[in-house]
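Peer 1: Sequence and predicted structure, then a few things I'm wondering about:
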Amino acid sequence: MAQKPKPTSDFILKCLKDILPFRARNDLLSKLVALWKKSTIIDAAVISSWDRNSNALISAFALENEEIVIDRYSFDSKNDLDKNRVLKYLRSLPRLADLKVAKNRLLPRFQTAALFLFCRKPLAWGENEDQLLELSASLLKQAVANLEEGVQDFEEKLREAKLQAMAELAAGAGHEVNNPLGTISGRVQLLLNQETNPEKRRALLTIGSQAHRVRDMIGDLMLFGRPPAPEFETCDLSELVRKVANKVEVRREEKNFQLALSLEDSVELEADPVQLEIVVHELFRNCFEAIEENGFIEVETSFEKRENIVFAVLKVSDHGRGLNEFELEHLFDPFFSGRQAGRGLGFGLSKCWRIVSNHQGKIEVHSIPQIQTTFTIHWPVHQRSDFSCDT
């Protein structure tokens, strides 16, 4: 058997020259198996990586004839990659039928990928292989992290586009529904002025009250669809939180829950003070409806810098029953009922999203079922000079 060269200090650097740059995960897998085939005395190399998002096993093969093959196989796994299951699948492939497995290793600190080396003769394993295994794990882990981040970014943009489309639909529908509602309310008033029968008057009053209820709902719908342009002023977020907390003190005493404020002394930002107060109040109200008696709510304000932009940060957490994935997906949709999760009906959170978006901010939700739900708002301290309200 040929002797392999002893490890050298620049071995990893040489490996990186063969691997970098790579365009995506499949490209990286192809380069990694080619490097294993080149750097070790083997007949074939396989690296299999399990994609959690699609439940697929993606394998790259460096074969005896120097051919590189990428294979995708449906593969469901509850936790880490089961390399014995993967090996069983690999043994069933004609391209590996005549070869024996010399080594199979899970990649270090990355339990969803494994390396398989095939050869007809005994395989020596030394320091070079240890270093290459570590390098393979580090690069593949980073590639998968970048891929998942890209998927999350795409899904977030998709949610934003969906809400924007719903806002446009809401604005148009609200205008169309308001006109017949006005006619119904007017006719009810005319009939009430002429009607003396108590039973008929009760029926007319019911019609009138329900028409007003729909009118109020349409008002919220149109506010979500086409909110007024913000009138910017310098506001103190911490002071506004204290103001809203004082307003809801009676509600806090009724439900007997704790409200913990952890506020920066002064968190100044540019915002429409009325709309900013609506956001803070709706988040408070949402928490009130989520927690049981003797519950706990935490509110924090701070500053954070992201990509050279300074944001005022508001975090509101409730220790309630939390939200499941479906509720998280539709939480900001108009008309979505979260009553099953202890949260109220209506347009409160929809208005929050709309106002924050129109101030060039971002609202995020993180929930652990049965433990805690946290709303985090990043609100730019300074609004851009070219700002225009999205109406």
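Peer 2: Perfect, thanks for sending it. What you are looking at is a predicted structure, and each value in this text was computed from that prediction instead of being measured.

Peer 1: can you give me the strands for the stretch 51-200 of the chain?
Peer 2: 56-62, 68-74, 100-106, 113-119 (DSSP state E, counting those that start in this stretch).

Peer 1: what would those strands look like in JSON lines with mean pLDDT and mean neighbour count?
Peer 2: In this view, the C-beta of every residue, glycine as well, is placed from N, C-alpha and C. Conversion of those to JSON lines gives the following (pLDDT from 0 to 100; neighbours: other CB atoms under 10 Å):
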{"stretch": "strand 56-62", "mean pLDDT": "85", "mean neighbour count": "23"}
{"stretch": "strand 68-74", "mean pLDDT": "84", "mean neighbour count": "13"}
{"stretch": "strand 100-106", "mean pLDDT": "84", "mean neighbour count": "17"}
{"stretch": "strand 113-119", "mean pLDDT": "85", "mean neighbour count": "24"}
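
Peer 1: I figured Trp353 hits His330, correct?
Peer 2: No. Between Trp353 and His330 there is no contact under CB atoms under 8 Å: 11.8 Å.

Peer 1: more crowded one of those two?
Peer 2: The residue with more neighbours, out of Trp353 and His330, is Trp353; 24 against 15, by other CB atoms under 10 Å.

Peer 1: Quick check: which element contains the more buried one?
Peer 2: Element membership for Trp353 (DSSP states H and E) is helix 348-358.

Peer 1: Can I get that helix in PDB? Just the C-alpha atoms.
Peer 2: C-alpha atoms of helix 348-358 as PDB (Å, rounded to 0.1, in the frame of the first residue of the first chain):
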ATOM      1  CA  GLY A 348     -54.700  45.200  17.400                       C
ATOM      2  CA  LEU A 349     -51.600  43.400  16.200                       C
ATOM      3  CA  SER A 350     -52.400  44.100  12.500                       C
ATOM      4  CA  LYS A 351     -52.400  47.800  13.300                       C
ATOM      5  CA  CYS A 352     -49.100  47.400  15.200                       C
ATOM      6  CA  TRP A 353     -47.500  45.700  12.200                       C
ATOM      7  CA  ARG A 354     -48.800  48.400   9.900                       C
ATOM      8  CA  ILE A 355     -47.700  51.400  12.000                       C
ATOM      9  CA  VAL A 356     -44.200  49.900  12.700                       C
ATOM     10  CA  SER A 357     -43.700  49.200   9.000                       C
ATOM     11  CA  ASN A 358     -44.700  52.700   8.100                       C
END
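
Peer 1: Pull out the buried residues from stretch 352-372.
Peer 2: Neighbour counts over stretch 352-372 (16 or more other CB atoms under 10 Å) mark 352-363, 367, 372 as buried.

Peer 1: so how far is the first residue of it from its last?
Peer 2: One end of stretch 352-372 sits 20 Å from the other (CA to CA, to the nearest Å).

Peer 1: returning to that earlier point: for the buried residues of stretch 352-372, which one is nearest Leu90?
Peer 2: Ser367 (39.6 Å; CB to CB).

Peer 1: Quick check: that closest one vs Phe326, distance?
Peer 2: 12 Å (CB to CB, to the nearest Å).
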